[in-house]
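**Q** just to be clear, the model below is a prediction. Sequence and coordinates:
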Amino acid sequence: MGLTQNYKLNVIQWYPGHIAKAEKKLKEQLKVVDVVLEVRDARIPMSTHHPQLFDWIGNKSRVLVLNRLDMISPQVRHVWTDWFKQNNEVPYYTNAKQGQCIEALAKAAQDAGIELNQRRKSRGMLPRPVRAVVIGFPNVGKSALINRLLGKRVVESAARPGVTRSLRWVRISDQLELLDSPGIIPLRLENQDAAVKLAICDDIGNASYDNQLIASAFVDTIIYLEAVASNLLPKNLLKNRYNFGSSDYTGEAYLHALAEYRYNGDIERTARQLLTDFRKGLLGKIPLEIPSQFANEHQEIN
């Protein structure tokens, strides 16, 4: 679904200076890294993939991590797992905030480095810890993930993009060392559909977008997904939360109508409320992306 046609007059760009420096250092550190843990947001697994990542890591081992497991339903997880497996990938789902599925991820990182120590042994060298790096967009939960792997809080972690500003090595165990890196984003957000979803999920800085446009885009996304894959969303999610349904509106019209109905015509307050409720999970477990083939199949069935 193309959202950008409605929002192209407000192009979203966000590239803080510290990210440029961190990206340069990260590329240098990648030379001594064995395994890459790529962390994405499970609500938007395609939009949180950095388009240059594969060029950077070459043939290094990579483990795909979809964080925020708690914010998608088991059905959505199943659909994405099938899609990734069809594309020869095995996703590891985590909820870094609550510590879910962390052990399996640590084992996957160590297993990816087993070959490294087999090679070292064959050359008469002693084994060493596997060096892994955690890479992902801002605010997808990288630091929280490292804290869970380590079992205590060592990396500053906060619910806002851009908190981690430097690279640091953290020893997880005798078998595993992790490099925490600041969130990285493309220099230019060429894909504005993806940029809109990053903004909805609070995965880029809020100074880079207009709340009202993004809230309207969020409602348009909900309307679209309810049309092509209603079984993957909570039923009547907007009506249940606000006692005001969206079936007769576009996203922008719904925002204005909801403002009149509940918030004394305050459109900005309404936009902020919609986005906050989604980000806190108060609207239910909502994916903003599903595999396109699933949507196509679902439309054919219906």
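**A** Yes, it's here.
**Q** CA atoms for contacts and neighbours, from now on please.
**A** Noted.
**Q** tell me the strands beside the helix or strand hosting Leu66, with direction?
**A** Leu66 belongs to strand 61-67 when assigned by DSSP states H and E. Sheet pairing here is set by DSSP bridges, and for strand 61-67 it gives strand 35-41 (parallel), strand 91-94 (parallel).
**Q** residues making contact with the helix or strand following the last one?
**A** So that's strand 91-94. Counting by DSSP H and E, the next helix or strand C-terminal to strand 91-94 is helix 102-112. Outside helix 102-112, the residues that touch it by CA atoms under 8 Å, 6 or more residues apart in numbering are 35, 37, 61-63, 65, 92, 94-96, 130, 132, 145, 148-149, 175-176.
**Q** any idea how far helix 102-112 is from the chain center?
**A** Relative to the chain's own centre, helix 102-112 is displaced by 20 Å; criterion: CA atoms, centre = their mean, to the nearest Å.
**Q** returning to what we had before: now do the strand holding Leu66: everything it contacts.
**A** Contacts with strand 61-67, where a contact means CA under 8 Å, 6+ apart, come from 34-42, 45, 89-96, 105, 108-109, 112-113, 140-141.
**Q** just stretch 239-251 next, same as before
**A** For stretch 239-251, contacts defined as CA under 8 Å, 6+ apart pick out 215-220, 223, 236, 238, 254, 258, 262, 282-283.
**Q** now the end-to-end length of it.
**A** Using CA to CA, to the nearest Å, one end of stretch 239-251 lies 14 Å from the other.
**Q** list the buried residues of it.
**A** Phe244, Ser246, Gly251 (16 or more other CA atoms under 10 Å).
**Q** sorry, back to before: C-terminal to the strand holding Leu66, what's the next element?
**A** Downstream of strand 61-67, the first helix or strand assigned by DSSP H and E is helix 74-86.
**Q** what residues sit buried inside that next one?
**A** Val76, Arg77, Trp80, Thr81, Asp82, Trp83.
**Q** of the strands paired with strand 61-67, which stretch is the most buried?
**A** Looking across these with neighbours counted as mean count of other CA atoms under 10 Å, the highest average goes to strand 35-41: a mean of 25.
**Q** after it, which helix or strand is next?
**A** Where DSSP H and E defines the elements, the next helix or strand beyond strand 35-41 is helix 53-57.
**Q** rounded mean pLDDT for that next one, please.
**A** For helix 53-57, mean pLDDT is 91.
**Q** now do stretch 169-184
**A** 80.
**Q** and if you look at stretch 132-151?
**A** Mean pLDDT, stretch 132-151: 86.
**Q** name the residues of it that are buried.
**A** So, applying 16+ other CA under 10 Å, buried residues of stretch 132-151: 132-150.
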